[in-house]
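Participant: Generate coordinates for the sequence data below:
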Amino acid sequence: MRHGIWPVVLLTLSSLVAIGPFVVMLVVALSPGNAPTIPYRLPTSLTLDNLAEVLSTESFLRWTLTTVVYSVVSVVAVLLSSSMAAYVFARKRFAGREVLLWSMLSTMMVPFQALLMPSLVVIAQLGWSDTYWGLIVPTLANAQAVLLLRQFIRALPDEVFDAARVDGAGDWRVYLSIVLPLCRPVLATLAVFVFLWHWNDFLWPLVVGHSDAMRTLTVGLSTLESGNPTAGELMSAATITGLPCLLVFVVLQRHLTKTISFTGPGG
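Facilitator: Below you'll find the predicted structure:
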């Protein structure tokens, strides 16, 4: 029993260390203007003035809209394209399948920074600089998503696909009626990861977007200090930026364990 309490103590301390910055951020965001920047105790009064000031800023609303479009469209596009590719790699037989699969997976070993300049050149040649096309399209090829979905689809019973073939179902019918419904847990998990990645993305939106309207929240927050905001306003902007990530994770986190149980063994 004495040995069993130490993991609990360690996890509790680790949790407090991890949660501490978020608590400080929220306290400063709700504190009046004369409160200390780093609170050593809770303020005597709380206010929503900082949040209201940030939400009334036109630039912040534009950054939010750009981030929502960038994240939501990317999630839908990545899930559709990755599930289609995963179904083909998992259930279809064609010449060069393994070569194509491993060539795609090898891109996971190339750091994004090494592809930054070639991607910018391509985007500029296509005339997509400072547009949603340039912001979204280069991020849609997701080898990790294809690999995870392929493992999941390969683990599905062959009898389900054989029965669909006997009933005369084509590839599109199999994909829409069997693959997508059965892949809901792993698709939900991927939706969490892809959303968090795009919502928190900084480098690519920074180099692609030049106008204020094409800035995402992460890029906009880095330029917010030029207007000499108060610490409460900065923390309010950071709180609003991080809140959607927390909500998405809370709503979809129950699918994480289901996905791990299905895709744990190699297929």
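Participant: so where is the stretch 101-250 of the chain shaky, pLDDT-wise?
Facilitator: Filtered on pLDDT under 70, the stretch 101-250 of the chain yields the residue ranges 225-227.
Participant: now the helices for it?
Facilitator: With helices called from DSSP state H, counting those that start in this stretch, the stretch 101-250 of the chain shows them at 112-126, 132-136, 143-154, 158-166, 171-174, 180-182, 184-199, 203-208, 217-223, 231-252.
Participant: Does L234 touch S222 like I think?
Facilitator: No: with contacts counted by CB atoms under 8 Å, L234 stays clear of S222, the gap being 11.0 Å. All C-beta atoms are positioned from the backbone trio N, CA, C, and that covers glycine.
Participant: Show me which of the two is the more surrounded one.
Facilitator: Between L234 and S222, L234 has the larger neighbour count (other CB atoms under 10 Å), namely 19 against 12.
Participant: Next one: the more buried one from M25, what distance?
Facilitator: In this structure, L234 and M25 are 9 Å apart, going by CB to CB, to the nearest Å.
Participant: just A188 next, same as before
Facilitator: In terms of CB to CB, A188 sits 28 Å off from M25.
Participant: again with L246
Facilitator: From L246 over to M25 the distance is 12 Å, taken as CB to CB.
Participant: ok, those two, which is more surrounded?
Facilitator: Here L246 and M25 are set side by side on neighbour count (other CB under 10 Å), and the busier one is M25, at 16 against 10.
Participant: what's the residue nearest to that one when sequence neighbours are not counted in contact with, if anything?
Facilitator: In space, and not counting its chain neighbours, M25 is closest to M235: 5.0 Å by CB to CB, 6 or more residues apart in numbering. The contact partners of M235, by CB atoms under 8 Å, 6 or more residues apart in numbering, come to M25, L26, V28, A29, N50.
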